[in-house]
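Peer 1: need a structure here:
(2 chains)
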Amino acid sequence: MLEKNKLTSAVAEFNGVSMRYETGPEILKDIQFSLSPGSFHFMTGESGAGKTSLLSLLYLDNLPTRGRVRLFGHAVDTLSRSARARIRRQIGVVFQDFRLLDHLNAFDNVALPLRIAGVREVEIRRHVTELLAWVGLEKQLKTFPPALSGGEKQRVAIARAVINRPQLLLADEPTGNVDDAMAKRLLYLFLELNKLGTTVVIATHNQNLIKHFGFPQLHLEKGHLTLIQPSNKYAEMANKLFNRGDNA
Amino acid sequence: MSKNTRMLFSNDASRFFLPWISLAMVFIAVLVLAAAVISYTSINAWNKSLSGSLTVQIPTYTDDGTPKGEILKTQIETTLTILRSSDGIMGASVLSDEQMNNLMAPWIGDKADLSALPLPKLIDVTIEAGKIPDLNQIQADLKEQVPDARLDSHRIWLKNLIDMGHGMIQLMLLLIVLLLGTLAITVIYATRTSLSVHKPVIALVHMIGAGDGYVALQYARRSLKLTLSGSLIGFMLTLPVMWVIKTFVTSLSPDFIISFSLTFEQWLILAMVPILVSILAFITAYKTVIAYLRRFL
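Peer 2: As a prediction, this is how the structure comes out:
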């Protein structure tokens, strides 16, 4: 059912969305935007501008206080719990604090979404080993998160988010704990996925990355959202860099 | 336990807490239940030995040694009336001289003249099968109307013991109800406590897209396994304890007082305790996780 909607509607669609926690002030005010399939956006804004809240609406951790959020064509407020679980399985999330399970090694952390989906162990072994090798962690398969460096944890978290080939990939400050070189390397991983059709939204403060890659920004300021298109110079650079001139 | 369950939930302290709690609680519950079952069986056996017949003796001489004469006849008539009108008594008849002779023959020979002896008159009472006459009431009636008639006293004593036994069983049943209630609350509490350790895992697995039923089932299976291992060991440990108590008590008194052998059905009842406890843990874990997940969207 979700597969069918993939082609005909936006991945995410926000209509007059406002959100507050309990009786607190409005964190998000009258948000209006949509993400078309295969798009790549940065999400920017100062701390407290509402980035994490907006992401939480996208990965179905919260419902808007007002307005309507549609994901893959479904109004999320009208869905049953099990339908919401099915939608979550199409969304990969890289949390700011990684949220790896310390009692599972790198392999089992990444395998988690596949096990939940009931994939056979043989296939899990093949896919997870392949992906971890791809992110350069083939020697850390059996290492537990406490023994991994910040960058390695980051890559395990990213691998877990993408192992299921999500339709939508969300990342909250995925480069917050690593240097610029590592940040760029991680961004290339997302780009590879994006080329395969995954819609990507990355919340970041890193202006160097934004300038370097030149994707449009969902910019939040005091709860209001504005879309910032990249200047031509950066867009051209990005297109040249990733050979996307024909379909940008 | 499936690979997933093993994967999801780490081996934290709760892994030991649940088995130990269930081990101790099942151990106590099974012992009390066994005591109740044994008491019940013993009392049933005593009840059986009560049925059959009993006798009433009426002395033929007064306390100062003179024959009663006519009074004896009235006393016998009154006693028979009291006995025959009591519930649970099928019949009562005075033993004839011939029957008395037969009874006494082993001691004094069949040629002796019984009339020379101050033998009491014996009334043979036949009790209705499966019924226990109210012996205390009969004794009270006799005492009022035929003061020197004597009802077989060991039966009265046994009857009182049985009444006390019934009281004991009721007390034990009350104890078992309290114990099972405590056990239920403990299992529920232990399951919830161990859940708090695993909340981050449950929240994450939910976020990754696992359905509520899936997460709850994984966790409930883990609780079932931990509780089952503990309560089965608790049950096993009662066996040597019961054997020691049995050996000790049987060495103290002959085994007609307490019957220690349990039937297959009674063993089955005891074996239900660890199983019920484990099922309770499973259901509690399942429901607790579902309730916890409802906090999330």
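Peer 1: Where is the longest helix in chain A?
Peer 2: Scanning chain A for the longest helix, with DSSP state H as the assignment, gives helix A:180-195.
Peer 1: Which elements pack onto the helix or strand following it?
Peer 2: Counting by DSSP states H and E, the element after helix A:180-195 in chain order, helix or strand, is strand A:199-203. When contacts are defined as 3 or more C-beta pairs under 8 Å, 6 or more residues apart in numbering or on different chains; DSSP states H and E, strand A:199-203 sits against strand A:40-44, helix A:51-58, strand A:168-172, helix A:180-195. (Each C-beta comes from the backbone N, C-alpha and C, glycine too.)
Peer 1: what residues does the first one touch?
Peer 2: Under the contact criterion C-beta atoms under 8 Å, 6 or more residues apart in numbering or on different chains, strand A:40-44 has outside partners A:35, A:51, A:54-55, A:190-191, A:194, A:199-205, A:209-210, A:213, A:215-220, A:228.
Peer 1: From the residues you listed, list just the buried residues.
Peer 2: A:35, A:51, A:54-55, A:190-191, A:194, A:199-204, A:209-210, A:213, A:215, A:217-220 (16 or more other C-beta atoms under 10 Å in any protein chain shown).
Peer 1: Was I right to think residue A:51 contacts residue A:223?
Peer 2: No: proximity of residue A:51 to residue A:223 does not meet the contact threshold set by C-beta atoms under 8 Å, at 10.7 Å.
Peer 1: count of neighbours near residue A:146?
Peer 2: Residue A:146: 9 surrounding residues under other C-beta atoms under 10 Å in any protein chain shown.
Peer 1: residue contacts, it?
Peer 2: Applying C-beta under 8 Å, 6+ apart as the definition, the contact partners of residue A:146 turn out to be residue A:102.
Peer 1: What's the separation between it and residue A:185?
Peer 2: Using C-beta to C-beta, to the nearest Å, one obtains 23 Å as the distance from residue A:146 to residue A:185.
Peer 1: on that earlier part again, point out the other helices and strands that the longest helix of chain A packs with.
Peer 2: In terms of contacts (3+ C-beta pairs under 8 Å, 6+ apart), helix A:180-195 is packed against strand A:40-44, helix A:150-162, strand A:168-172, strand A:199-203, helix A:207-213.
Peer 1: those helices in chain B, which residues are they?
Peer 2: Using DSSP H, the helices found in chain B span residues B:3-8, B:14-50, B:70-84, B:97-108, B:135-145, B:153-208, B:212-252, B:264-293.
Peer 1: With chain A instead?
Peer 2: With DSSP H applied, chain A shows helices at A:2-8, A:51-58, A:81-88, A:106-116, A:121-134, A:150-162, A:180-195, A:207-213, A:232-242, listed in chain order.
Peer 1: could you dump the ones you listed to CSV with distance to residue B:150 and mean pLDDT?
Peer 2: Written out in CSV, the entries for the helices of chain A read as follows (distance: least, C-beta to C-beta, whole Å; pLDDT from 0 to 100):
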stretch, distance to residue B:150, mean pLDDT
helix A:2-8, 93, 46
helix A:51-58, 91, 90
helix A:81-88, 79, 91
helix A:106-116, 82, 91
helix A:121-134, 84, 91
helix A:150-162, 90, 88
helix A:180-195, 102, 81
helix A:207-213, 109, 84
helix A:232-242, 114, 60
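Peer 1: And these: which comes nearest residue B:81?
Peer 2: The stretch from those with the least distance to residue B:81 (C-beta to C-beta) is helix A:81-88; that distance is 79.2 Å.
Peer 1: Residue B:93 reaches residue B:121, doesn't it?
Peer 2: No: no contact is recorded between residue B:93 and residue B:121 when judged using C-beta under 8 Å, the distance being 11.1 Å.
Peer 1: more neighbours, the two?
Peer 2: Taking neighbours as other C-beta under 10 Å, residue B:93 and residue B:121 compare with residue B:121 leading, 19 against 14.
Peer 1: what's around the closest residue to the more buried one other than its chain neighbours, how many residues?
Peer 2: When the adjacent residues along the chain are set aside, residue B:121 lies closest to residue B:58, with 4.6 Å between them (C-beta to C-beta, 6 or more residues apart in numbering or on different chains). Residue B:58: 20 surrounding residues under other C-beta under 10 Å.
Peer 1: my guess is residue B:58 contacts residue B:75, does it?
Peer 2: Yes: between residue B:58 and residue B:75 a contact is recorded at 5.6 Å, counting by C-beta under 8 Å.
Peer 1: residues shared between the contacts of the two?
Peer 2: B:146, B:149.
Peer 1: pLDDT weak spots in the stretch 101-250 of chain B?
Peer 2: Along the stretch 101-250 of chain B, the model assigns pLDDT under 70 to residues B:110, B:112, B:114, B:130, B:153-154.
Peer 1: Which positions in it make contact with chain A?
Peer 2: Among all residues of the stretch 101-250 of chain B, those adjacent to chain A (criterion: C-beta under 8 Å from any C-beta of the partner chain) are B:200, B:201, B:204, B:205, B:206, B:207, B:208, B:209, B:210, B:211, B:212, B:214.
Peer 1: Tell me who's in contact with the last one.
Peer 2: Taking C-beta under 8 Å, 6+ apart, we find residue B:214 in contact with residue A:116.
Peer 1: thinking again about what came up before, right, so of the helices and strands packed on strand A:199-203, which gets closest to residue B:220?
Peer 2: With C-beta to C-beta as the criterion, residue B:220 lies closest to helix A:51-58 of those, at 28.4 Å.
Peer 1: Go ahead and name everything in contact with the closest one.
Peer 2: Outside of helix A:51-58, the residues within contact range by C-beta under 8 Å, 6+ apart are A:12, A:14, A:17, A:19, A:27-28, A:31, A:43-45, A:62-64, A:69, A:71, A:91, A:93, A:96, A:168, A:170, A:172, A:201, A:203, A:218, A:220, A:225.
Peer 1: how much does that helix deviate in direction from strand A:40-44?
Peer 2: Relative orientation of helix A:51-58 with respect to strand A:40-44: 140 degrees, computed using axes from the mean of the first three to the mean of the last three C-alpha atoms, to 10 degrees.
Peer 1: Count the neighbours of residue B:128 for me.
Peer 2: For residue B:128, the neighbour count with other C-beta under 10 Å is 13.
Peer 1: Among the contacts of helix A:51-58, the buried ones, what's the ChimeraX command?
Peer 2: To isolate the buried members of those in ChimeraX, using 16+ other C-beta under 10 Å:
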select /A:12,14,17,19,27,28,31,43,44,45,62,64,69,71,91,93,96,168,170,172,201,203,218,220,225
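Peer 1: Correct me if wrong: residue A:157 contacts residue A:97.
Peer 2: No: when contacts are counted by C-beta under 8 Å, residue A:157 is not listed as touching residue A:97 (9.0 Å).
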